[in-house]
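>>> let me see the structure of the following:
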Amino acid sequence: MPFAVTHVLITIIVVELIRDYFIKDKKNFPLYLVLIGGIVGLVPDIDLFLYWALYIQFQIPLLSVHRVFTHSVIWPAIFLIGAYFAYFKRNKKITYWFLVIVIGLVIHVILDSITGYTFPLAPFMYKQFGLGLLPDTDIGRSITMAIDAVILLAWLVYIEWRHRISRFI
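Sure thing, here's the model as predicted:
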């Protein structure tokens with residue numbers, strides 16, 4: 001299971017790369033959208049709060065709640081439809097907002113599917129999908145922490161190289 005840092009950083013990195021290299025009109029794609037993308041990259045794990053509440057009251061197991069409905073493709077599809085309508089209304093700013101949300105949600109589900117399993121077709125079909133590459137054990141968590149460290153360092157190096165953040169210190 002990727003940690004929160006992974007979800008946030010990978011989404012920030014992807015959105016930032018898209019902004020830096022593919023978006024020509026930076027006015028309609030402000031830098032704060034990169035931060036919004038990172039935050040949205042963590043949103044599907046909101047179901048953990050629901051799990052804690054249900055577990056305290058009813059001892060419902062984690063796998064009955066986590067990575068089910070909030071990790072469904074329904075949410076990115078809804079925001080993609082919103083982006084579609086905003087695009088045809090010629091509202092670039094709202095289109096970018098919706099697309100950043102889609103990117104954050106999709107990246108979250110992909111990361112969870114690489115390391116474990118999700119139910120991306122819930123509530124239509126409750127079948128698990130995923131590669132399950134990292135076990136939820138001490139060694140799996142250690143590997144995840146190491147990956148987080150490498151991602152963070154790579155991102156900091158990129159930020160310094162691309163945006164010269166050391167000038168602001």
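>>> any idea which helix is longest in the chain?
helix 138-163 (DSSP state H).
>>> what is that helix packed up against?
helix 4-21 (3 or more C-beta pairs under 8 Å, 6 or more residues apart in numbering; DSSP states H and E). C-beta: built from backbone N, CA, C; applies to glycine.
>>> next one: the helix it packs on to chain centre, how far?
Offset of helix 4-21 from its chain centre (C-alpha atoms, centre = their mean, to the nearest Å): 9 Å.
>>> mind listing residues that contact that helix?
The contact list for helix 4-21, computed with C-beta atoms under 8 Å, 6 or more residues apart in numbering, reads 26, 29, 31, 33-35, 37-42, 45, 100, 103-104, 107-108, 111, 144, 147-148, 151-152, 155, 158, 162.
>>> I only care about these that end up buried; give me the PyMOL line for that.
Entered in PyMOL, the line below selects the buried ones among these, by 16 or more other C-beta atoms under 10 Å:
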select buried, resi 29+33+34+35+37+38+40+41+42+45+100+103+104+107+108+111+144+147+148+151
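>>> tell me which of the contacts of helix 4-21 fall in helices.
33-35, 37-40, 100, 103-104, 107-108, 111, 144, 147-148, 151-152, 155, 158, 162.
>>> from H108, how far off is the residue sitting nearest the centre point of the chain?
With distances taken as C-alpha atoms, centre = their mean, the residue of the chain nearest its centroid is G41 (2.4 Å). When distance is defined by C-beta to C-beta, to the nearest Å, G41 is 5 Å away from H108.
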